Each structure stands twice: as structure tokens, then as C-alpha cells.
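Novice: Got a predicted structure plus its sequence, pasted below:
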Amino acid sequence: MKYFKRSIFFGFIIAFFVISQPEAREINSAFMPITGKARPPVGHVTFCDSNPEECKLQDNQEGLVTLTQERWDELIRINHLVNQSVTAVTDMELYARPEVWAFPGKYGDCEDFALLKRHFLMQAGWPAGSLLITVALDIDGGGHAVLTVKTDRGDFILDNLEALVKNWAETPYTYLKRQSSKHPAKWEAVDNTRHVAPTLTASTE
């Protein structure tokens, strides 16, 4: 499936938010709730030691992205690019040890996909504080990592297991913690409670 008919659909979504905003504030969980500090994953600590530039406080650290049509298209394009160019393998298959966080070449684990998407989006001018590596449990209870993108229309998930870019509340995962929007080396705990989040969704196929 190609991208949705962008201008018509995007205009409809904006109109929906304008019309329904008063009620949406009471039930909408389009934005992932944060409850406090959390310990960074061991793999991310090691990654930061090896890649200090990726984990230092950025000049544009705290910024909420206004989700224009151009930004939405860029998000979908980079998500699709990384998902298509990297083949998913486990750390044990690739490195013969667990929890290795690294930029992938031809192969990589789920967190490697997320790291590369974050890197590409930052190169495209997205603020670091809007691009947050996030740890979750998948539907089978296994560990998984995705990239959460914070926008004025909600928090969206870039996932190597899913071709669609979805709002976090529309995904099947149990979210545990994510990078802090205030500092990329720090992490925060996620409140997994969600109600409704009727926001944007698009295919990258």
C-alpha cells in the first residue's frame, strides 16, 4: 500500500483535532505518560560510552515538533529506509553476546534500528528531545526497543517489526521506559495506561 492520500487525509486529521479538542483532553492518551526517573538500559550506557556525541545534551534538546505534512513525510521516509536497508538479527547471532547497542550495518537488533532512525532524523534537523529510544515488552513478553517521536499531534512509534507509523497507544506493546526528552543519556519510566488515541497512521510499504 502506498502512503495515504496525504493532503486530503492530513487536512481531515487536523480538522478532527480542532473540532473535537475539548472532549479529547479528557480521554485522549496520544501522549505517552511519564512517571519519573528510570535507570538507563545497560546497552545504552555502553553505547553512550562509545558514542558520546549521540548522548550529550544538544543545543536543540528540548523541542516539540510541529507535525507538518513535510515532517510527516520525512518521518515515514526515514522509517521505511532503515526498515528496508537493515536485516533484523539478534545480538547473540551478530555478536555472540547480549545487549549490544550499536549503529547497524547490514544487520542489527531492534534497538539498532531505533538508534539509526534517531541519528538520521537528527541529521535532518529534528530536535534530540523529540527522538527517544524506548524499551517495551512485546506481545509475547519479550524485550523490544522502538523509537518514540514526540510531536504536537502525539507520540508516534517507529518500529522495525511494523510497517505502519502508529501512535503509541495504538501499538500492542507494554512500554517500560524511554530516554528523557531533557537529556539523551537519562531515562524516564513510562505509565502504560492508555485510553484512546485517534491520530495519524501511515504505511511505509
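Specialist: Received, thanks.
Novice: And for Lys37, the neighbour number?
Specialist: 12 (other CB atoms under 10 Å). Bear in mind the C-beta positions are built from the backbone N, C-alpha and C, glycine included.
Novice: That one: what's it in contact with?
Specialist: Lys186, Trp187, Glu188, Ala189 (CB atoms under 8 Å, 6 or more residues apart in numbering).
Novice: Make sure I have this right: the last one is in a strand.
Specialist: Right, the one you point to is Ala189. Yes - counting by DSSP: H, G, I helix; E, B strand; the rest coil, Ala189 is part of a strand.
Novice: confidence score at it?
Specialist: Note for Ala189: predicted pLDDT of 97.
Novice: ok, the closest residue to it other than its chain neighbours to Leu94 distance?
Specialist: Distances taken as CB to CB, 6 or more residues apart in numbering put Ala38 closest to Ala189, at 4.2 Å, once the chain neighbours are dropped. Using CB to CB, to the nearest Å, we find Ala38 at a distance of 26 Å from Leu94.
Novice: How about Tyr107?
Specialist: In this view, Tyr107 and Leu94 are 6 Å apart by CB to CB.
Novice: which of the two has more neighbours?
Specialist: Between Tyr107 and Leu94, counted using other CB under 10 Å, Leu94 has the larger neighbour count: 16 against 13.
Novice: give the contact list for the more buried one.
Specialist: Val100, Tyr107, Gly108, Asp109.
Novice: Give me the phi and psi for it.
Specialist: Main-chain torsions, Leu94, degrees, to the nearest 10: phi -90, psi -40.
Novice: Let me know the pLDDT of it.
Specialist: For Leu94, pLDDT reads 91.
Novice: same thing with Lys150?
Specialist: With respect to pLDDT, Lys150 scores 95.
Novice: in what helix or strand does it lie?
Specialist: Taking DSSP states H and E as the definition, Lys150 sits inside strand 143-151.
Novice: Give me the contacts around that strand.
Specialist: Residues from elsewhere that reach strand 143-151 (CB under 8 Å, 6+ apart): 31-32, 64-67, 71, 75, 109-111, 113-114, 117-118, 121, 126, 129-138, 155-161, 168, 171, 173, 178, 181.
Novice: Of those, which belong to strands?
Specialist: Members of those lying in strands (criterion: DSSP state E): Leu131, Leu132, Ile133, Thr134, Val135, Ala136, Leu137, Asp155, Phe156, Ile157, Leu158, Arg178.
Novice: So for stretch 111-126, what gets flagged as buried?
Specialist: Buried residues in stretch 111-126, counted by 16 or more other CB atoms under 10 Å: 111-122, 126.
Novice: tell me which of these is nearest to Gly43?
Specialist: Comparing the buried residues of stretch 111-126 against Gly43 with CB to CB places Glu111 closest, at 6.5 Å.
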